[in-house]
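**Student:** Build me a structure from this.
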Amino acid sequence: MTGGERRWPGWAAEGWVCLPFLAAVLIATGPAAEFQPGSARSPDAAGYAMVTAAALALALRRRPGTALAVNTACVSTYLAAGYPFGPVMLTVPMAVYGVADRFPLRRAALMAAAGLGVLIVSLFAKRVRDAASAPEGSGYYPMSRDVIVWAAIIAVALAIGALSRARRQAAAGVHAEQARRVASEERLRMAQDLHDSIGHGLAAIAMQAGVALHVLDHDLEEARQSMQAVRATSREALENLRAQLDGLRDDGTAAARAPAPGLDDLDRLTERVRAGGVTVHTDIAPDLTGLPTAVDAVAYRILQESLTNVLRHAGAVPVRIRIRRDGDALLLDITNTRAAGPSAQPGNGLGIRGIRGQAETLGGTLTAGPRPDGGFGVRARLPLDGARLPLDGDRR
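**Tutor:** You can find the predicted model right below:
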């Protein structure tokens, strides 16, 4: 007994199934015998002991093979001794069902066939005993009738048990597949979060360090500012990484996570990018206050990924950001001009796929690709009613 609760042993918790059968054999075996005056023996103490054991064998649900063997032995001995038919016969299909529900069909069928064979022998023995004690001229139906009836009963019990096992296995397979899918989605979310929070910081640090090296020999002040920006960006990247790792802890000791950044943090984002030598022009409509939290956070992530791609693939080129409302949606346009030297256009990697997936999660759309002038553009439309859907960060 723990925590004030009574804990029953496993056999007691699962053995309740035998109770209706036990009650039936104890109550109805005697009355059933009254309608079978031709039986060789009437129920006595030995007969009641056999039917009781046959019913109690059903309590061995964790060992269905043993339950079937004990049940078959008791029922067959009862019948071979010449006792009358009764409710004990109902325990036989129940024991067969338990075997089919636990074991593979072939194994269960072999066990059920063996039990049927023993039962048929006992039925024949009962027929012989009953015939010896019955008055001359008493009629008996053919033995083949017993064989057919009990073969059909056991086949039905076997089929029902096999069906129950197949359904349980199918449900377990569905649950396992759901668990694998959830685990896969969780790994993808973790990768996306790390990409969003750490990838941008590393790209900004690399660009800022490049600027510092470029101006180090002739402009120490600008080099110092770039290195200060590197320090600030790296510090923020470390904080983001620590927050991501804390979010993965499952011992309940992780501190409360900071709210997801939104458009109010855009100035800090553009300052980091400008420190890397990128010119950022913003055109932000004044009516963007009161945006739903989910839309605000996804909009920031789209801007962050777009500016990160500029740092990685285009370098120090002008970028224009335009944000405005369009009815019941928020529109974002991020474009950059063509790089002066060779550059690689952003592909369809984790970053673009990630922000497109986040936009689609809110019921919006996102397109990204080269522009006619050689630059690159990202355009997103986010419905403002997307707040009804949770963010990845909110699900943790």
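**Student:** Who are the packing partners of the helix or strand containing Val149?
**Tutor:** Per DSSP states H and E: Val149 is located in helix 143-194. Helix 143-194 is packed against helix 91-102, helix 105-133, helix 220-248, helix 350-361, helix 392-395, with contacts defined by 3 or more CB pairs under 8 Å, 6 or more residues apart in numbering; DSSP states H and E. C-beta: built from backbone N, CA, C; applies to glycine.
**Student:** tilt between it and helix 350-361?
**Tutor:** 110 degrees (axes from the mean of the first three to the mean of the last three CA atoms, to 10 degrees).
**Student:** Tell me who's in contact with Tyr48.
**Tutor:** Neighbouring residues of Tyr48 by CB atoms under 8 Å, 6 or more residues apart in numbering: Val25, Leu26, Thr29.
**Student:** okay, how far is it across stretch 31-48, tip to tip?
**Tutor:** End-to-end distance for stretch 31-48: 13 Å, by CA to CA, to the nearest Å.
**Student:** what about Ala329, distance to Phe35?
**Tutor:** 81 Å (CB to CB, to the nearest Å).
**Student:** all helices for the stretch 201-350 of the chain, in order.
**Tutor:** 220-248, 266-275, 293-309, 350-361 (DSSP state H, counting those that start in this stretch).
**Student:** so which of these is the most packed in?
**Tutor:** Looking across the helices of the stretch 201-350 of the chain with neighbours counted as mean count of other CB atoms under 10 Å, the highest average goes to helix 293-309: a mean of 24.
**Student:** of the contacts of Tyr48, closest to Ala109?
**Tutor:** Val25 (26.9 Å; CB to CB).
**Student:** Torsion angles phi and psi at that closest one?
**Tutor:** phi -70, psi -30 (degrees, to the nearest 10).
**Student:** For it, give me its contacts.
**Tutor:** Counting by CB under 8 Å, 6+ apart, Val25 has contacts Tyr48, Val51, Thr52, Ala54, Ala55, Gly86, Pro87, Val88, Thr91.
**Student:** and what of Phe35?
**Tutor:** With CB under 8 Å, 6+ apart, Phe35 has no contacts at all.
**Student:** quick one: it and Met50, what's the gap?
**Tutor:** 20 Å.
**Student:** can you check Ala81 too?
**Tutor:** Counting by CB to CB - Ala81 and Met50 are separated by 8 Å.
**Student:** So for the two, which residue has more residues nearby?
**Tutor:** Met50 (23 against 17; other CB atoms under 10 Å).
**Student:** related to what we said a few turns ago, which one among the contacts of Tyr48 gets closest to Ile205?
**Tutor:** Val25 (81.2 Å).
**Student:** count of neighbours near the residue lying closest to the closest one once chain neighbours are set aside?
**Tutor:** Spatial nearest neighbour of Val25, excluding adjacent residues (CB to CB, 6 or more residues apart in numbering): Val51 at 4.1 Å. Val51 has 26 neighbouring residues, counting by other CB under 10 Å.
**Student:** With Asp44 instead?
**Tutor:** 10.
**Student:** Identify the residues contacting it.
**Tutor:** Counting by CB under 8 Å, 6+ apart, Asp44 has no contacts.
**Student:** Just want the angle from the helix holding Val149 to helix 105-133.
**Tutor:** 160 degrees.
**Student:** hmm, which helix or strand of the protein has the shakiest average pLDDT?
**Tutor:** The weakest-scoring helix or strand in the chain, judged by mean pLDDT, DSSP states H and E, is helix 392-395 (a mean of 42).
**Student:** coming back round to it: among the helices of the stretch 201-350 of the chain, which one carries the weakest average confidence?
**Tutor:** Ranked by mean pLDDT, these bottom out at helix 220-248, with a mean of 70.
**Student:** Could you list the low-pLDDT ranges of the stretch 51-200 of the chain?
**Tutor:** 133-141, 183, 186, 188-200 (pLDDT under 70).
**Student:** Using PDB, list the CA coordinates for stretch 361-370.
**Tutor:** Extracted in PDB, the C-alpha atoms of stretch 361-370 (Å, rounded to 0.1, in the frame of the first residue of the first chain):
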ATOM      1  CA  THR A 361       1.600  27.000 -39.900                       C
ATOM      2  CA  LEU A 362      -0.200  30.300 -39.500                       C
ATOM      3  CA  GLY A 363      -2.100  29.800 -42.700                       C
ATOM      4  CA  GLY A 364       0.100  32.200 -44.700                       C
ATOM      5  CA  THR A 365       2.400  31.900 -47.600                       C
ATOM      6  CA  LEU A 366       6.100  32.700 -48.300                       C
ATOM      7  CA  THR A 367       7.900  32.900 -51.600                       C
ATOM      8  CA  ALA A 368      11.700  33.300 -52.000                       C
ATOM      9  CA  GLY A 369      13.800  33.500 -55.100                       C
ATOM     10  CA  PRO A 370      16.100  35.500 -57.500                       C
END
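**Student:** can you pull the buried residues of that stretch?
**Tutor:** Within stretch 361-370, the residues that count as buried by 16 or more other CB atoms under 10 Å are Leu362, Gly364, Leu366, Ala368.
**Student:** can you list contacts of that stretch?
**Tutor:** So stretch 361-370 is contacted by 294-295, 298, 302, 329, 345-346, 352, 355-356, 359-360, 376-383, 385-386, 389 (CB under 8 Å, 6+ apart).
**Student:** What is the distance between that stretch and the centre of its chain?
**Tutor:** 29 Å (CA atoms, centre = their mean, to the nearest Å).
**Student:** what does stretch 379-387 give?
**Tutor:** That offset, for stretch 379-387, works out to 29 Å (CA atoms, centre = their mean).
**Student:** before we move on, back to that, including distance to Ala109, could the helices of the stretch 201-350 of the chain go into TSV?
**Tutor:** Output for these, formatted as TSV (distance: least, CB to CB, whole Å):
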stretch	distance to Ala109
helix 220-248	49
helix 266-275	69
helix 293-309	56
helix 350-361	50
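**Student:** ok, Thr282 - contacts?
**Tutor:** Leu266, Thr270, Arg320, Ile321, Arg322, Ile323.
**Student:** any chance of those residues in a markdown table, plus distance to Leu288?
**Tutor:** A markdown table is the format used below for these (distance: CB to CB, whole Å):
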| residue | distance to Leu288 |
| --- | --- |
| Leu266 | 10 |
| Thr270 | 15 |
| Arg320 | 17 |
| Ile321 | 12 |
| Arg322 | 12 |
| Ile323 | 7 |
